[in-house]
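**Q** sequence below, structure please.
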Amino acid sequence: LLDLDSSGKRLLADATAPFMRVLDAHGGLSRQAVAATGKVLNTNEIEQLRALAQSLPARFPQYDEVGRETAADVEFGFRAGKLVLFQIRPYVRNRQARVMLRLLALDAPLRAMSDRQIDLTAALP
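**A** As a prediction, this is how the structure comes out:
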């Protein structure tokens, strides 16, 4: 749990998985053993997450089905120590929302490109 107003952080639960997912150089994800320290994120990565969380509401405002501001469901990873956003969309609390026509319509363009591979090294300096 990151405190956005300070450098405070608190571990809520230990991850016990011996592997983590990492971006594969050829596309997709692969599994990599977790470092012996048990830490997945370093200090710089934590600070990037804190900065994203602080700027997220202004940069990517999210609204529910009736136009009220709502929390964001954010999927991210790190590539060469740099934060990479995979997806940002309104946080959906209702399982029935998965079949809502409105949400399916929003995802349609993405489904049409689901087999497209993206070269993640192209964006690196």
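**Q** what is the mean pLDDT for the lengthiest helix in the chain?
**A** Using DSSP state H, we find that the single longest helix of the chain is helix 43-59. When pLDDT is averaged along helix 43-59, the result is 90.
**Q** same deal with stretch 72-85?
**A** In this model, stretch 72-85 has a mean pLDDT of 88.
**Q** for the longest helix of the chain, name the packing helices and strands.
**A** Using 3 or more Cβ pairs under 8 Å, 6 or more residues apart in numbering; DSSP states H and E as the contact test, the elements touching helix 43-59 are strand 72-79, strand 82-90. Any C-beta I mention is one placed from the backbone N, CA and C, and that applies to glycine too.
**Q** what would the ones you listed look like in CSV with distance to residue 8 and mean neighbour count?
**A** Compiled in CSV, these are given as follows (distance: least, Cβ to Cβ, whole Å; neighbours: other Cβ atoms under 10 Å):
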stretch, distance to residue 8, mean neighbour count
strand 72-79, 20, 14
strand 82-90, 20, 13
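**Q** distance to residue 64 added to those strands, as a markdown table?
**A** Formatted as a markdown table, the helices and strands packed on helix 43-59 follow (distance: least, Cβ to Cβ, whole Å):
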| stretch | distance to residue 64 |
| --- | --- |
| strand 72-79 | 11 |
| strand 82-90 | 6 |
